[in-house]
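Enquirer: Quick one: sequence and predicted model below, then my questions.
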Amino acid sequence: DTAVSQTPKYLVTQMGNDKSIKCEQNLGHDTMYWYKQDSKKFLKIMFSYNNKELIINETVPNRFSPKSPDKAHLNLHINSLELGDSAVYFCASSHMPETQYFGPGTRLLVL
Amino acid sequence: GENVEQHPSTLSVQEGDSAVIKCTYSDSASNYFPWYKQELGKRPQLIIDIRSNVGEKKDQRIAVTLNKTDIHFSLHITETQPEDSAVYFCAASSYSGGYNKLIFGAGTRLAVHP
């Protein structure tokens, strides 16, 4: 019954690989987000979708491509993974522009 | 661009003492200010929030104050307990491209010692 869920929880992969992270929310929210939290714990927004439309696209390498098949799902695909992509990726959702609720995070380690 | 500065970066207190974390925001049009608590290995969770039409809000041992003139807001935790130990993030809303987004501070690592 988790409100915002993400899979996988852990992801260990080699440099150059392509990987995807999935996010789902059952709160009925219209807006979903991807955040990156680096080793220093800094939370940085990457993307946001409102009703399946991309509304926020920060300065993120184009190796990162979000996709929102419907309002309840937001996926993140990463091509050609690099060492610097290692971080925790959090999905979040809200009724724009209200309180954001975070998923449990996906810990990505690129070797 | 938009910025939120958070101080201190680390805070160590004795159990029962008070803890205060302060954030300064750059976008004077910001109107929503949430605070999140992140325990080790867990997700950030909202603990309290305040809107620009309110100067102070309290929830048990936690309170937040907003000073729009000086564009800063603060989190106050009274009677701290060891379970309050975590990283706390402030955030401020910022209107951009027709939509609001949250700009987070860098976080404060609070340690409460028994």
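Expert: Arrived safely, thanks for sending. Numbers count the residues shown, from 1 in each chain, chains lettered A, B, ... in the order given.
Enquirer: so what's residue B:6 closest to, chain neighbours aside?
Expert: Leaving out its chain neighbours, the residue that sits closest to residue B:6 by CB to CB, 6 or more residues apart in numbering or on different chains is residue B:105, at 3.0 Å. For glycine as for every other residue, the C-beta is placed from the backbone atoms N, C-alpha and C.
Enquirer: For that neighbour, list the residues it contacts.
Expert: B:4-6, B:23, B:89-91 (CB atoms under 8 Å, 6 or more residues apart in numbering or on different chains).
Enquirer: Quick check: phi and psi on it?
Expert: When quoted as degrees, to the nearest 10, the phi and psi of residue B:105 stand at phi -70, psi 170.
Enquirer: Just the contacts of residue B:105: which are in strands?
Expert: Those of the contacts of residue B:105 mapping onto strands are B:4-6, B:23, B:89-91, per DSSP state E.
Enquirer: anything in stretch B:11-23 near chain A?
Expert: No. If you take CB under 8 Å from any CB of the partner chain as the test, stretch B:11-23 misses chain A, and the best it gets is 13.4 Å.
Enquirer: buried residues in that stretch?
Expert: Using 16 or more other CB atoms under 10 Å in any protein chain shown as the burial criterion, the residues of stretch B:11-23 that qualify are B:11, B:13, B:19-23.
Enquirer: Repeat that for stretch A:65-74.
Expert: Neighbour counts over stretch A:65-74 (16+ other CB under 10 Å) mark A:66, A:68, A:71, A:73-74 as buried.
Enquirer: before we move on, what about stretch A:77-90?
Expert: Within stretch A:77-90, the residues that qualify as buried are A:78, A:81, A:85-90, counting by 16+ other CB under 10 Å.
Enquirer: for that stretch, what is the average pLDDT?
Expert: The pLDDT scores in stretch A:77-90 average 96.
Enquirer: what comes into contact with that stretch?
Expert: With CB under 8 Å, 6+ apart, stretch A:77-90 has contacts from A:6, A:13-21, A:34-39, A:43, A:63-67, A:76, A:102-103, A:105-110, B:43-44.
Enquirer: So what's the gap between that stretch and the chain middle?
Expert: Taking the mean of its C-alpha atoms, stretch A:77-90 sits 10 Å from the chain's own mean (CA atoms, centre = their mean, to the nearest Å).
Enquirer: Confirm for me that residue B:99 is in contact with residue A:50.
Expert: Yes. When contacts are counted by CB atoms under 8 Å, residue B:99 is listed as touching residue A:50 (6.7 Å).
Enquirer: what about the two, which has more around it?
Expert: Neighbours per residue (other CB atoms under 10 Å in any protein chain shown) separate residue B:99 from residue A:50, with residue A:50 holding more: 20 against 15.
Enquirer: so who does the nearest residue to that one once chain neighbours are set aside touch?
Expert: Closest residue to residue A:50 apart from its sequence neighbours, by CB to CB, 6+ apart: residue A:31 at 4.7 Å. Residues counted as contacts of residue A:31 (CB under 8 Å, 6+ apart) are A:48-51, A:55, A:93-97.
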